[in-house]
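Enquirer: turn this into a model:
(3 chains)
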Amino acid sequence: MSLTNDQLQDVANLARISVEDGWTDGLRRDLNAILDQARLLDDPRLDAIEPMAHPLDQTQRLRADTVSETDQRVTMMAAAPAQEGGLFLVPKVIE
Amino acid sequence: MSTNDSFERGEAALINAPITQLKAWLADGSLDAGHLTGAFQRRIDSIDPMLNSLISRVEPVVPRSDGALAGIPYVHKDIFCAKSTRTTCGSRMLADWVAPYDSTVHERLTQSGAVLLGKANMDEFAMGSSNESSHFGAVANPWDSNAVPGGSSGGSAAAVAARLVPFATGTDTGGSIRQPAAFCGVTGIKPTYGRVSRYGMIAYASSFDQGGVIAKSAADCALVLGEMAGFDPKDSTSSDEAVPDYLAGLGASIKGLRVGVPTQWFSDALDSAVGDAVTAAIDELRAAGAETVEIDLPDADIALAAYYLLAPAEASSNLSRFDGVRFGYRCEDPKDLQDLYERSRSEGFGAEVKRRILVGTYALSAGYYDAFYRRAQMARRLVTDHFQRAFEQCDVIAGPVTPTPAFDRGAHSDDPAKMYLEDIFTIPVNLAGLPGMSVPAGFVDGRPVGLQLIGRHFDEARLLNVAHQYQQRVDWHTRIPPLGGDSSNY
Amino acid sequence: MSDYVIPSGWEAVIGLEIHAQLATRSKIFSGASTAFGAEPNAQACAVDLGLPGVLPVLNEGAVRMASLFGLAIDAEISRVSSFDRKNYFYPDLPKGYQTTQLARPIVVGGQVTITTGEGKQAREHTINVTRAHLEEDAGKSLHEDFHGMTGIDLNRAGTPLIEIVSEPDMRSPEQAVAYARKIHAIVQYLGICDGNMQEGSFRVDANVSVRPEGETAFGTRAEIKNVNSFRFLQRAIEFEIERQVDLLETGGEVVQCTRLYDPDRDETRLMRTKEDADDYRYFPCPDLLPVVLDEATIESWRAELPELPDAKAGRYQSEYGLSAYDAGVLTASRATAEYFEAVIARDGADPKLAANWVMGEVAALLNRLELEINECPVPADKLADLLERIGDGTLSNKLGREVFEALAEEGGSVDAIIEARGLKQISDTGAIEAMVDEVIAANPGQVEAYRGGKDKLFGFFVGQVMKAAKGKANPQAVNDVLKRRLDGPDDPGVV
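Expert: Predicted structure coming up:
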């Protein structure tokens, strides 16, 4: 399996990461190396195995429905790159 | 300012003392907590410029606590949020981010009285095996400045090896505690998945990440882990399994202990000198009364392939929150939303992080999920089943941590796939969520070698005791790197 | 009720996806409050903001409420359900993924019964529910101008939702609206959603396709997003059916797409086609473990189920003798049923009289004031007082309406209004006889004409007596006395 440049562009777009110029060839090579290795997963011994999502053999614990957080907006928004009137600002979103 | 006592004792004694010894001195009044932190701060001042093991220094606050670690200095891997401290995760993305909340690990260590002195360097977002992917520069191996310290907890391991602090926190997703501990000649433990809370520990791959300790000895690890571990209601994947008194468990004899040795791990892929050191260490366990049994742990290559799809897949999703909107790096003058996302992420993340995000995105994308992600999850169970079978024959598994000693800086930076092979003995442990340790076991050409010990789920007490019994018989863990200059005094 | 008719020769196929915000106190994965209307971002804690390092812990209340919904529609409650991540970038989605349930939803199957038409035209239909799953809501983008920027408020981020997905079982806009209303009623009866469509607590997306009558294969569908009232739902589906039929009849084809209903223009407008649909890269959320529910828990929730709309409507018919239509209207919302039941809780209350008043005067008042029944200026106990006075003859229906208006405008007690306005009905026979006699004496010509067979003049006499009584005479008593005096043998006027 080998990744084409178009596929790489699609993936980059999904991940919102730009891949430009000098970087693409090396990147494709690295990605292809990993995907080559992934061929090991075609091993037929895996066919009958139940996928394992998590190493912890436990079930989800449920939290009581109580409000435990108070307004910490000032603290939580201190690191916002752009804000006004308690809102995070982003370039205009066109719906 | 200094007491006569500590002059007599000398700073060398302080920096090399086991934590229990420091506690005893603090308790009997012969050592002042302020003096202790001062000694380590001065040591950091003089040594760290050579190592670059710390990203940030933290003004110490000696906590009012009579907890188990009262007055003991340490550093966090810079992946743990500590309120009001800069928490960078080794990335430009968070270069100026001051955490507005405490991780559970930080909360617990603070409660037990430990004194935070700084935040340790690391591979960016914990992705790396050499600490070369940090935005804040590479870290030198204290034993050899041409060698990498390992990664991703390279700063933590280097800091402890250089005796800049008695212990450091670390995290291990595919070997990130054990491998740098091995490369730097210090003791590290990655506990069972779920043993230490992940709350406030910046996620790389959530179903693999586990916090742990790097310290000078198994006994110090036991003491610190006991304070870090335990159920956390803020982490759904935290276990409510009771935490035993690890320190109290250290006296037990290992007579009759069944040590499993995976034959496949001692193959051509293993550097022969490393193999010899590890074999000698296993012989030492036998000399202490343990029995060795050969066990079968195949499919390390499949484990590696599975890990390098699963971990990037989780990472690609975990790192989506870094979008330049609410915190972290934001590009200059974004012209629209797409531009904001693309440039903030492309400029904020380094090459290795972007590479793994792209691999993960691809592995999860439509049409490939079944071929990649799902198959990798099946492989995860296959590898876990291998361990389960092995533990029917033995109580702990012993083997190498890495195929080679610390490699040279820049050696693998042009070939990520080769770099990934560094993790071949550590990754299977993370797939299965088992506890694993790295224990100093000698040197090859002046670079340290580690012995890996792997236990059953939640069997940290036994692992720590085996390591401790080993450390009663050898002195590898007490060796101090020759750091030149004034370090010769120590 | 719309009288829309689907173009002849065509059949519409409609399925709905309904997002209902669950009425928990705290968010689905954090301890932040879900209350509506706080200052922007004041209810967005570290977890809701998706700060580096935070982790989700599932709210028991959300699981319970989703399960109650499943039990109410006779669905299967999954003994094991799990959460997945749906990955996409949007400024109001803090983590870059939505935590939702794709592979193993908590509610599987189930159905509701709807009725369309009235009287003899009334038809019942069973609409099947495919699944209902738990997920987290996103924040809000505020498009007012902030120097050409958009503002992001994450207070809503992490509010628990259930997404209720129906089978494509509906064949008309009317059925779709009836189904949406029934789900709306059920979630409110269960107390798991406030149902406020303006505030976005209950949001409907409609999948609409058309096919020639008799065709069994589905046509290509369009998804209409975020319709925030039942009236708009009706209009949006009507518009979409017309649009698709027009396309197909003129040789065009329907392209699978997502559309937005614009109520100002009364049209649906293209948002995106399938080609540029995002690839959501779903995978199991590694921060959450499988949710396992045991029988005992599920049974304890089942025991909590209140009387639901269908059961209540049945009881109104059998117990109170109401018509199926009236019972349906009174049970269509939990608030209406509660109001009605509070009115008839009074000893000696007449359920039919109460039903007429609730569906008549009360509904008209609310309609005029554009209020919901829980905001009704005449509370149920006041209406019960009023109906009691009608029942005991103190008030006529007509005077009752006057008191009702006074209650609505000024408040106060029923008896005080009757007293202050002198509205007490005259039922005293002696007084009425006196007035009748006066009227008969004053209008000999009309008496003669009436007795000569001009029956219609009876109304004239009633009017004259009521005029003399300033409208307060008990109409029944007036009728009786008049009849006796005008028709009877012992008529004093004939002396």
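Enquirer: can you check the pLDDT for residue 79?
Expert: If you meant another chain, say so; for now it's chain A. Reported pLDDT at residue A:79 in the predicted model: 92.
Enquirer: could you do chain B instead?
Expert: 98.
Enquirer: count the neighbours of it for me.
Expert: When neighbours are defined as other CB atoms under 10 Å in any protein chain shown, residue B:79 has 34 of them. (Glycine included, C-beta is placed from N, CA and C.)
Enquirer: for it, which non-adjacent residue is closest in space?
Expert: residue B:202 (4.8 Å; CB to CB, 6 or more residues apart in numbering or on different chains).
Enquirer: contacting residues around the one you found?
Expert: B:79-81, B:87, B:89, B:94, B:125-126, C:52-53 (CB atoms under 8 Å, 6 or more residues apart in numbering or on different chains).
Enquirer: quick one: name the residues of the stretch 151-300 of chain C near chain A.
Expert: Residues of the stretch 151-300 of chain C lying near chain A by CB under 8 Å from any CB of the partner chain: C:151-154, C:260, C:271, C:278-279, C:281, C:284, C:286, C:288-292.
Enquirer: chain B next: which of those are close?
Expert: Restricting those to contacts with chain B (CB under 8 Å from any CB) yields C:152, C:154, C:279, C:281, C:286, C:288-289.
Enquirer: in strands only, show me those.
Expert: residue C:152 (DSSP state E).
Enquirer: for the ones next to chain B among the residues of the stretch 151-300 of chain C next to chain A, which one is nearest residue C:410?
Expert: Within those, the smallest distance to residue C:410 is 44.5 Å, found for residue C:154 (CB to CB).
Enquirer: on that earlier part again, rebuild the ones next to chain B among the residues of the stretch 151-300 of chain C next to chain A as JSON lines, extending it with pLDDT.
Expert: Listed next are these as JSON lines, based on pLDDT from 0 to 100:
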{"residue": "C:152", "pLDDT": "96"}
{"residue": "C:154", "pLDDT": "97"}
{"residue": "C:279", "pLDDT": "92"}
{"residue": "C:281", "pLDDT": "96"}
{"residue": "C:286", "pLDDT": "97"}
{"residue": "C:288", "pLDDT": "98"}
{"residue": "C:289", "pLDDT": "97"}
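Enquirer: distance check, residue C:390 against residue C:354.
Expert: Distance from residue C:390 to residue C:354, counting by CB to CB, to the nearest Å: 10 Å.
Enquirer: between these two, who's got more neighbours?
Expert: The neighbour comparison of residue C:390 against residue C:354 (other CB under 10 Å) goes to residue C:354, with 26 against 19.
Enquirer: what mean pLDDT does the one helix or strand that one maps to have?
Expert: Assessed by DSSP states H and E, residue C:354 sits inside helix C:351-357. Averaging pLDDT along helix C:351-357 yields 96.
Enquirer: against which helices or strands is that helix packed?
Expert: helix C:309-320, helix C:334-343, helix C:380-391 (3 or more CB pairs under 8 Å, 6 or more residues apart in numbering or on different chains; DSSP states H and E).
Enquirer: endpoint to endpoint, stretch B:200-216 covers what distance?
Expert: End-to-end distance of stretch B:200-216: 25 Å, with CA to CA, to the nearest Å as the criterion.
Enquirer: err, stretch C:260-273, not the other one
Expert: Stretch C:260-273 has an end-to-end distance of 12 Å (criterion: CA to CA).
Enquirer: and that stretch, how far from the chain's centre?
Expert: In this view, stretch C:260-273 has its centroid 25 Å away from the chain centroid, taken as CA atoms, centre = their mean, to the nearest Å.
Enquirer: do the same with stretch B:368-376
Expert: Centre to centre, stretch against its chain (CA atoms, centre = their mean), the figure for stretch B:368-376 is 29 Å.
Enquirer: what residues of it count as buried?
Expert: B:368-369, B:371-376 (16 or more other CB atoms under 10 Å in any protein chain shown).
Enquirer: before we move on, what about stretch C:38-50?
Expert: Neighbour counts over stretch C:38-50 (16+ other CB under 10 Å) mark C:38, C:40-50 as buried.
Enquirer: near chain A, list only the ones from these.
Expert: C:38, C:40-46, C:49.
Enquirer: Throw those residues into TSV and include secondary structure and pLDDT, thanks.
Expert: Compiled in TSV, these are given as follows (DSSP: H, G, I helix; E, B strand; the rest coil; pLDDT from 0 to 100):
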residue	secondary structure	pLDDT
C:38	coil	91
C:40	coil	95
C:41	coil	96
C:42	coil	96
C:43	coil	96
C:44	coil	96
C:45	coil	96
C:46	coil	97
C:49	coil	97
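Enquirer: ok, now how distant is residue B:44 from chain C?
Expert: 25 Å (CB to the nearest CB, to the nearest Å).
Enquirer: thought that residue was touching residue B:118?
Expert: Yes: between residue B:44 and residue B:118 a contact is recorded at 6.9 Å, counting by CB atoms under 8 Å.
Enquirer: between these two, who's got more neighbours?
Expert: Per other CB under 10 Å, whichever of residue B:44 and residue B:118 has more neighbours is residue B:118, with 28 against 22.
Enquirer: you'd agree the more buried one is up against residue B:75?
Expert: Yes: using CB under 8 Å, residue B:118 is in contact with residue B:75, at 4.5 Å.
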